[in-house]
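Novice: here's a sequence, model it:
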Amino acid sequence: MEGNGLEGDGSNGEALGKCLTGLVDDGSTESHRYYLSRRTVLEMLRDRGYAVPSSEIDLSLQEFRAIHGQTPDFDSLRLSVTHRSDPSKRMLVVFYGPGIVKISGIRLIAGLITSKESLSGLIFIVQNHVTNQALKALDDFSFKVEIFQITDLLVNITKHVLKPRHQVLTEHEKQRLLQKYSIEEKQLPRLLKKDAIARYYGFEKGQVVKVMYDGEITESHVTYRCVW
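Specialist: Here you go, the predicted structure:
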């Protein structure tokens, strides 16, 4: 009598179902979420041109838990990186807990930044609602603050097989493109700043992005979009 596919292959009687145990995560969901979001934000910073060690991105879940435990401390997850081509540009990444982000929390973050630190940006990873007062407080920072929900970073959207490659044109390249086709930037197809891809790369309004498609499904072609 044939087995049902879970009892074994008939050779040694070992249950095939045990092969699935390697896919089971016995650790905490919390640590897994922090691990995935941390890896994505490191990849995001690397793709923006920041110096991120490969060893940090390639860290396994088990290695992450060995360092940070099953309930990671937010302070230990905080990190900062400098830009490869411009060391004066430095980005700080701060994780926030599961509670609502209030103005008191923003003040706490402001206290973490010393007067000696020269930051060009802050990536703020939250898990809950950010109050209007807290958002206004973020406007007082002297550098750009980007807010991401942790759930937005569990998967790196740029790794999807259908996602095209994006490259920001220099100002000179942008002007050459507009002159070549005798158009203004407002005549180009738009890419909204709130678009997931635009947020991933940190695109700014007015930038022109070269979008390159390459694949059997999408076929190879290039288009240009202006960030709005």
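Novice: residue 178 belongs to a strand?
Specialist: No. Counting by DSSP: H, G, I helix; E, B strand; the rest coil, residue 178 is not found in a strand; it is helix.
Novice: count of residues packed around it?
Specialist: Applying other Cβ atoms under 10 Å, we find 18 residues neighbouring residue 178. The C-beta positions use only the backbone N, C-alpha and C, and glycine is treated the same way.
Novice: so it touches residue 185, yeah?
Specialist: Yes. Using Cβ atoms under 8 Å, residue 178 is in contact with residue 185, at 6.3 Å.
Novice: before we move on, what SS does the most centrally placed residue in the chain have?
Specialist: The chain has residue 41 as the residue nearest its centroid, 3.7 Å off, counting by Cα atoms, centre = their mean. On the three-state scheme (three-state DSSP), residue 41 is labelled helix.
Novice: stretch 183-198: end-to-end distance?
Specialist: End-to-end distance for stretch 183-198: 23 Å, by Cα to Cα, to the nearest Å.
Novice: mind listing the helices for this protein?
Specialist: Assigned by DSSP state H, the chain shows helices spanning 29-47, 54-57, 61-68, 74-77, 103-112, 132-138, 171-181, 196-201.
Novice: just name the most buried of those.
Specialist: helix 29-47 (a mean of 19; mean count of other Cβ atoms under 10 Å).
Novice: output the contacting helices and strands for that one.
Specialist: If you count contacts as 3 or more Cβ pairs under 8 Å, 6 or more residues apart in numbering; DSSP states H and E, helix 29-47 packs onto helix 54-57, helix 61-68, strand 90-95, strand 121-126, helix 196-201.
Novice: break the chain down into its domains, please.
Specialist: The chain resolves into domains spanning 29-155, 158-227 when parsed by automatic domain parsing.
Novice: now residue 207. Nearest residue, chain neighbours left out?
Specialist: residue 227 (4.7 Å; Cβ to Cβ, 6 or more residues apart in numbering).
Novice: also residue 90?
Specialist: Once flanking residues are discounted, residue 90 sits nearest to residue 82: 4.9 Å by Cβ to Cβ, 6+ apart.
Novice: could the helices and strands packed on helix 29-47 be laid out in JSON lines, adding distance to residue 27 and mean pLDDT?
Specialist: Formatted as JSON lines, the helices and strands packed on helix 29-47 follow (distance: least, Cβ to Cβ, whole Å; pLDDT from 0 to 100):
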{"stretch": "helix 54-57", "distance to residue 27": "19", "mean pLDDT": "96"}
{"stretch": "helix 61-68", "distance to residue 27": "6", "mean pLDDT": "96"}
{"stretch": "strand 90-95", "distance to residue 27": "18", "mean pLDDT": "96"}
{"stretch": "strand 121-126", "distance to residue 27": "20", "mean pLDDT": "96"}
{"stretch": "helix 196-201", "distance to residue 27": "27", "mean pLDDT": "96"}
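Novice: using a markdown table, please lay out the ones you listed together with distance to residue 213.
Specialist: Shown next, in a markdown table, are the helices and strands packed on helix 29-47 (distance: least, Cβ to Cβ, whole Å):
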| stretch | distance to residue 213 |
| --- | --- |
| helix 54-57 | 26 |
| helix 61-68 | 33 |
| strand 90-95 | 29 |
| strand 121-126 | 28 |
| helix 196-201 | 13 |
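Novice: nearest to residue 173, of those?
Specialist: Across the helices and strands packed on helix 29-47, residue 173 has its closest neighbour in helix 196-201 (16.2 Å, Cβ to Cβ).
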